[in-house]
Structures are given as C-alpha cells and as structure tokens.
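[1] this one's sequence-less:
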DNA sequence: GATGTGATGTCAGTCCGTGACATCACGGTA
DNA sequence: TACCGTGATGTCACGGACTGACATCACATC
C-alpha cells in the first residue's frame, strides 16, 4: 500500500468545488478543503498557488486548443479566418460531458468578485498568447491585439450561453451563431 | 485648527503610489502606507476596501464619460456610431496633464498580477454598464455585449499606446487610429 | 541493509482585512 | 457656559491566507 493515496490534486479540486457549492467560496477555508481531502493546509498550497487557483487548473490545455487552431490554419488565411479557426479548435474542448462540471464551476465563480478577477486574468493571458501567435502569422500591431480580443469576446459570449442554455445547443453551434452576429455587426 | 488634516484619502493615494514605486507593491505593507500618511492602518481600510483599491479610486467618473457618450448620441445612431461616441466622450478624460500620473500608476500595475486582475475587473464592470446602456438604445443581445467589448478593446489598445508613446500624440488621436484599424479589420 | 528521494507533515510567523468599542474636537443648543 | 450629538480617527483582538524552514518516512535503488 502506498504511503499516500494517489490523486491528491484531483481530490483537492473536487473537494473544493463541493465545499464552495455548499457554503460559498468566502465561507470555505483552505483548512476545511484540506481536511476533507485528508491532507494538511500546507499540502494544498503545494499544488495550488492560492485558494482561487484550485478552480483554474488545466488552463494550459485550453490555451493550447486556441493556439492549435491558429497553427493549423492555411498560410493565406485572413485575420478573420484565423480567429474562426482558433474558435473552432477551442470548441472541441467543451463537449457535453463537461457541461455539468462547467456549470457548477461557473456558478461558484459568479458569486465571488475575486474569482471573476482570476477568470479575467486567465482570459487576458490567453489574449496575450493569441496576439503573439497572430503576430507570428504576419498580422501587424495593433491589429493582432484587436483580433485576439474580439476572438475571446466571441468565445466568452458563446460560453456564457452554453452554461445558461438548455442542453439543446452544442458549444460549437453557439460559437457559430455568435460569430455570425459579429460579422453582421461589422457590416452595420 | 482642525483635529485632523483634511484630504486623508488623497494623501493615502499619493503615498501609496510613491511607496509602490519605490519598493514595489508586494513589498509595501498597508501599515507603511498608513504610517507615512500619518494615520493608522484601520483608517486606510475605511477609505479603501483593500490594498489594491487605493490605485483604482475615481472609476466612477471614468465610467460616466463612456455612458455620457452613448447617451448623447443621436437617436438613429448605429451600434458602431454609439461605440465611437462613447470612445470620443471618454477620450476627454485623458488630457496631457494626467499622462505622467497615469504612466506611474500603470508601471506599478504592470508589475503585479493582482493589480492587473483588479484592472481587468474594473474594465469588465464598465463593459457590463456599457452593454446595458446599448441595450437600452435598442441593440439586442448578444450584439450589445459584443459592441461593448470591442469598444473597450479599442480603448485598451489606445490607452496602452498613450502610456508608452512619446508626448507627440494625444489620446483622442490614438483612439481614432485604433478605431480605423478595427474598421479596416471588419472589411478584411 | 544503507542511502537517497519525493510527497507530506509540523511549526512559527507575516500580512491582509474586519468587528467592536473608545476617543475627542467640533458644531450646535439650551 | 455647559451639555450633547456626530464624525473621523484610534485601539485592540482575531481569523484566515500564505510562506519559509525543517522534520518525517514509505519506497526505490544499489
């Protein structure tokens, strides 16, 4: 028998989401999370830089999905096409199997300003990565930044809908809709 | 003679920016700020909800400038025109006399992730206000949100340029340039 | 069986942020 | 003149987030 149960990190994440849902983010202490996951507070901080971060692990895969989209686009793609490619690629990340979890997580985030801050920081970070990737595809400043921002704006709008809406619409569909809205806007 | 020197809040803000510049945000304690401003730590927290907030006071006027722009636009303005109106109105907020201060402040913010988070939260809040204002002008969802986001994206890009750039270009000019870039993008 | 390693525990301490209560100049008011 | 209410501040005590330093000990490896 191992000295420690494996999967400590995953256990901490699940436990934290549970407790945040039950009592609220602010009313839950790190000590409580650690106790229910059967480790000490110190161990929590070895896996997560701070209390909020426990809800934001795995960003990396998510970011990679956007970048892969840009990387996989044809050489002569226009900025708008690169944006669509990134969104299309990222869409694959949010299948139905993640919806319930995403919903629970998003409900918690919505209740706490500090968590919303962290979410925005993550999006801003992704915006920076996207901007760099677009620049490397030959899109000059400040255009690269504007394209990156509007790409994430579309993502954000579609994501919120996906969370709120009934199960009838898939994430890729919602992204398509939102993109169509943005295109219509440009012509208005 | 008054029992307390007036202008406690302003003194705290100036002192904080000073100390953050000298030693960094993280290395400066609230107790130090309070001491140099000749009050107690407790008094600091009576004026500012938390340590970061001391750099973000006055948001309200800033937000109002955007909303006034929307409010003052003609009844038949298109979404794009409303966006431009908001930006134009907000531009008035950043005259040359504020550039040095804005620069010092932005330099501090750039060094600390927590401060960047707070800045993003403020922008997101403004985005929400703008979205509501646009909705009230008859722009439906999700269009209202997309217009609000792209408006703030333009603002953000122009603002960064204004901070970084030499004194040769005014903020309104930079906003115009950035808007032109965005329009060009929509046509590409 | 000695030795090293990595995940964890233990402990002490700093700083942030808050609630409760005390102080005291000042501006009225009797 | 003496009293009273008010508002900005001070004092104190405390809980919770986070960190650095050091101890522990099952397991792998030689």
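    Cool, the structure landed. No experiment lies behind these values; they were computed from the predicted model shown. Residues are numbered from 1 along each chain as shown, chains lettered A, B, ... in the order given.

[2] quick check, distance from stretch A:169-184 to the centre of its chain.
    A distance of 18 Å separates the centroid of the chain from that of stretch A:169-184, by Cα atoms, centre = their mean, to the nearest Å.

[3] before we move on, what about stretch A:51-62?
    Here stretch A:51-62 is found 8 Å from its chain centre; the criterion is Cα atoms, centre = their mean.

[4] Could you measure from residue A:55 over to residue A:11?
    For residue A:55, the distance to residue A:11 (Cβ to Cβ, to the nearest Å) stands at 15 Å. Backbone N, C-alpha and C define where each C-beta goes, glycine included.

[5] So between these two, which is more surrounded?
    Comparing residue A:55 with residue A:11 by other Cβ atoms under 10 Å in any protein chain shown, the one with more neighbours is residue A:55, at 21 against 17.

[6] any idea how far that one is from residue B:124?
    Applying Cβ to Cβ, the value for residue A:55 to residue B:124 is 17 Å.

[7] Residue A:181: neighbour count?
    Residue A:181: 18 surrounding residues under other Cβ under 10 Å.

[8] and it, what does it touch?
    Counting by Cβ atoms under 8 Å, 6 or more residues apart in numbering or on different chains, residue A:181 makes contact with B:142-143, B:146.

[9] From those, which one has the minimum pLDDT?
    Across the contacts of residue A:181, the smallest pLDDT goes to residue B:142, namely 88.

[10] Run a quick check on that residue versus residue A:157, I expect a contact.
    Yes - in this structure, residue B:142 is within contact of residue A:157 by Cβ atoms under 8 Å, at 4.9 Å.

[11] got any residues that touch both of the two?
    Any residue near both residue B:142 and residue A:157 by Cβ under 8 Å, 6+ apart counts here, and that gives residue A:178.

[12] what about the nearest residue to residue A:113 once chain neighbours are set aside, distance to DNA strand C?
    Closest residue to residue A:113 apart from its sequence neighbours, by Cβ to Cβ, 6 or more residues apart in numbering or on different chains: residue B:121 at 6.7 Å. Distance from residue B:121 to DNA strand C, counting by Cβ to the nearest atom of the strand, to the nearest Å: 13 Å.

[13] neighbours around residue B:121, how many?
    What residue B:121 shows, counting by other Cβ under 10 Å, is a neighbour count of 20.

[14] so where is chain A shaky, pLDDT-wise?
    Within chain A, the stretches with pLDDT under 70 are A:1-3, A:187-188.

[15] Run through who's touching stretch A:47-57.
    For stretch A:47-57, the external contacting residues (Cβ under 8 Å, 6+ apart) are A:8-9, A:12-13, A:16-17, A:20, A:30, A:33, A:44, A:105, A:108-109, A:114-115, A:118-119, A:122.

[16] now the end-to-end length of that stretch.
    Length of stretch A:47-57, first residue to last, Cα to Cα, to the nearest Å: 10 Å.

[17] List the buried residues for it?
    Buried residues in stretch A:47-57, counted by 16 or more other Cβ atoms under 10 Å in any protein chain shown: A:47-48, A:51-56.

[18] And stretch A:93-107, by the same measure?
    Across stretch A:93-107, burial judged by 16+ other Cβ under 10 Å covers A:94, A:99, A:105-106.

[19] Over to stretch A:167-183?
    Taking 16+ other Cβ under 10 Å as the criterion, stretch A:167-183 shows A:171-172, A:174-179, A:181-182 as buried.
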